[in-house]
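S.K.: just coords:
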C-alpha cells in the first residue's frame, strides 16, 4: 500500500472518536451514520494490514486460518448487531452485497488495473475452478430455501428449521473446503510464497500485530453499534433504502482493505493472490458467516432465515456465472476486468431503485 493512502487512513481515524461521541451522546443520526461509515474504512484497513503482517511471518496454515477468521470480521459484527435490532433486511442485503462486491468489484478492479500494466495476466485455473464449485454450492444453498418458500405453502417455523439444517450442511462443506485448501491440497491454493516473495515486508511482530488486530475488532464493535443504531433514520433522511445501504455502502466499506490489497498484488502481476482474496472472501460470507448468523438467529429468535428475494438470488447467480466463465481459461486482460466492474455498477444502480 502506498504511503499516500496510509496517510489518508491515519487521518480518517479521527472519525472513530467523533462517531462514538455522536452515536452514544447525541441524537444526530445522519451525522453519526456518516462518521461511522468513514470510521470503519480505516479500521477495516488496519485489520487488513495487521492480518497481512501476521501472514508474512507465519506458516500457510496459520495464515489461512487467520484470513478465514478475520477476513470478514466487520461484516459479521455489523450483521449480528443489526439482527439484534431487528434489521433483517439490511443483514440479507449486506450478505448479497459482500458476495457481489468480492466477485465482481474486487476481482474486476484487480483484473482491470493489473491489465493496464500487463497486456495479459495468467492465474491458476485449477484453484479458481475449485472456488467456482464452492460458489455454485453457496448459490444453491441460498437459492433453494428461497424458491422453496415461494413455491410451497410452508409455515415460517418450518422455514427456520430448514434454514438451520441447511446452515449446518453449509458450515460442514466450508470446513471441508478449508481442510482441502490448507492441508490435503494446499499446493493448489497456497499463495504464501508469492506474498513473501513480493516487495512487502512485515512492519510488526506477530504478537504486536495480533494485539492491534484484537484491539481494532473491539473498536469496530462499538463503531458498528453506533452505525446500526442510526441506520434506519439515516436511510430515510438521506433518501436511500436499507437494501441499497446494505448491498452497496456497507459491503464496500467493510471490504475496502481487501480491495486495495487485491489491486496491489494484481499490479505486481500476482493475480492468483487477488483472485484468491475475492473468491475466498465470498465463499466465507456464504458458507461461514451465513450459517453463524442463522444459528444465532435461531437461538435468540431474530427471524433470520435463508430466504432472500428472487432478485437477490438472480444477481448472485449472474455474478457466479460470469466469474466461472472468465476463469475457465486461466488468462485475463483489462477488458474482462472492466466487464466485471460494469456488471457490478448495473446491479448497484438497479438496487438503488428497489
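M.R.: Yes, it's here. Please read all numbers here as calculations on a predicted model, not as lab measurements.
S.K.: Okay, residue 170 and residue 317: tell me how far apart.
M.R.: 17 Å (C-beta to C-beta, to the nearest Å). The way it works is simple: take the backbone N, C-alpha and C, and place the C-beta from them, glycine included.
S.K.: Between these two, tell me which one has more neighbours.
M.R.: For residue 170 against residue 317, the residue with the higher neighbour count under other C-beta atoms under 10 Å is residue 170, and the figures read 23 against 15.
S.K.: Disregarding residues adjacent in the polypeptide, which is nearest to residue 45?
M.R.: Counting by C-beta to C-beta, 6 or more residues apart in numbering, residue 257 is the residue found nearest to residue 45 once chain neighbours are left out, at 4.3 Å.
S.K.: count of residues packed around the one you found?
M.R.: The local packing count at residue 257 equals 25, with neighbours defined by other C-beta under 10 Å.
S.K.: check contacts around it.
M.R.: Applying C-beta atoms under 8 Å, 6 or more residues apart in numbering to residue 257 gives the contacts 44-49.
S.K.: element containing it, please.
M.R.: Assigning secondary structure by DSSP states H and E places residue 257 in helix 256-267.
S.K.: Which positions within that helix qualify as buried?
M.R.: Under the neighbour-count criterion of 16 or more other C-beta atoms under 10 Å, helix 256-267 has 256-267 buried.
S.K.: Identify those among the contacts of residue 257 that sit within helices.
M.R.: Judged by DSSP state H, the subset of the contacts of residue 257 located in helices is 44-49.
S.K.: which element is residue 277 on?
M.R.: When the helices and strands are read off by DSSP H and E, the one containing residue 277 is helix 271-284.
S.K.: now for that helix, which elements pack on it?
M.R.: Secondary-structure packing of helix 271-284 (3 or more C-beta pairs under 8 Å, 6 or more residues apart in numbering; DSSP states H and E): helix 60-70, helix 88-100, helix 107-117, helix 125-151, helix 156-179, helix 192-196, helix 256-267.
S.K.: Next, the angle helix 88-100 makes with the very next helix or strand once past the shortest one.
M.R.: On the C-terminal side of helix 192-196, the closest following helix or strand by DSSP H and E is helix 206-238. Orientation note: helix 206-238 sits at an angle of 120 degrees relative to helix 88-100 (axes from the mean of the first three to the mean of the last three C-alpha atoms, to 10 degrees).
S.K.: Helix 206-238: what's the following helix or strand?
M.R.: For helix 206-238, the following helix or strand on the C-terminal side (DSSP H and E) is helix 242-244.
S.K.: Return the distance of the helix or strand following that following helix from the chain's centre.
M.R.: Toward the C-terminal end, the helix or strand that comes next after helix 242-244 (DSSP H and E) is helix 251-254. The offset between the C-alpha centroid of helix 251-254 and the centroid of the whole chain comes to 7 Å, using C-alpha atoms, centre = their mean, to the nearest Å.
S.K.: Please apply the same query to stretch 6-22.
M.R.: For stretch 6-22, the distance between its averaged C-alpha position and the chain's averaged C-alpha position is 22 Å (C-alpha atoms, centre = their mean).
S.K.: Need the contact partners of it.
M.R.: Contacts to stretch 6-22, defined as C-beta under 8 Å, 6+ apart, come from residues 28, 31-32, 35-36, 38-39, 41-43, 45-46, 219, 222-223, 226-227.
S.K.: can you do 7 Å?
M.R.: 28, 31-32, 35-36, 38-39, 41-43, 45, 219, 222-223, 226 (C-beta atoms under 7 Å, 6 or more residues apart in numbering).
S.K.: Enumerate the positions of it that are buried.
M.R.: Buried residues in stretch 6-22, counted by 16+ other C-beta under 10 Å: 9, 12-13, 15-16, 18-20, 22.
S.K.: just to revisit the earlier point, need the max-distance pair from the buried residues of helix 256-267.
M.R.: Within those, 256 and 267 form the most distant pair, 16.7 Å apart (C-beta to C-beta).
S.K.: Just the endpoints, please. Distance across stretch 248-268?
M.R.: Across stretch 248-268, the terminal residues are separated by 28 Å (C-alpha to C-alpha, to the nearest Å).
S.K.: Check the model's average confidence along that stretch for me.
M.R.: Confidence over stretch 248-268, taken as the mean pLDDT, stands at 85.
S.K.: How far off centre is it?
M.R.: Computed by C-alpha atoms, centre = their mean, the chain-centroid distance of stretch 248-268 equals 9 Å.
S.K.: hmm, back to that, can you tell me how far the residue nearest to residue 45 is from residue 277?
M.R.: As for residue 257, its distance to residue 277 is 10 Å (criterion: C-beta to C-beta).
S.K.: ok so, going back, need the buried residues of helix 256-267 in a markdown table (columns: distance to residue 123).
M.R.: Output for these, formatted as a markdown table (distance: C-beta to C-beta, whole Å):
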| residue | distance to residue 123 |
| --- | --- |
| 256 | 23 |
| 257 | 21 |
| 258 | 17 |
| 259 | 17 |
| 260 | 19 |
| 261 | 16 |
| 262 | 12 |
| 263 | 15 |
| 264 | 16 |
| 265 | 11 |
| 266 | 10 |
| 267 | 14 |
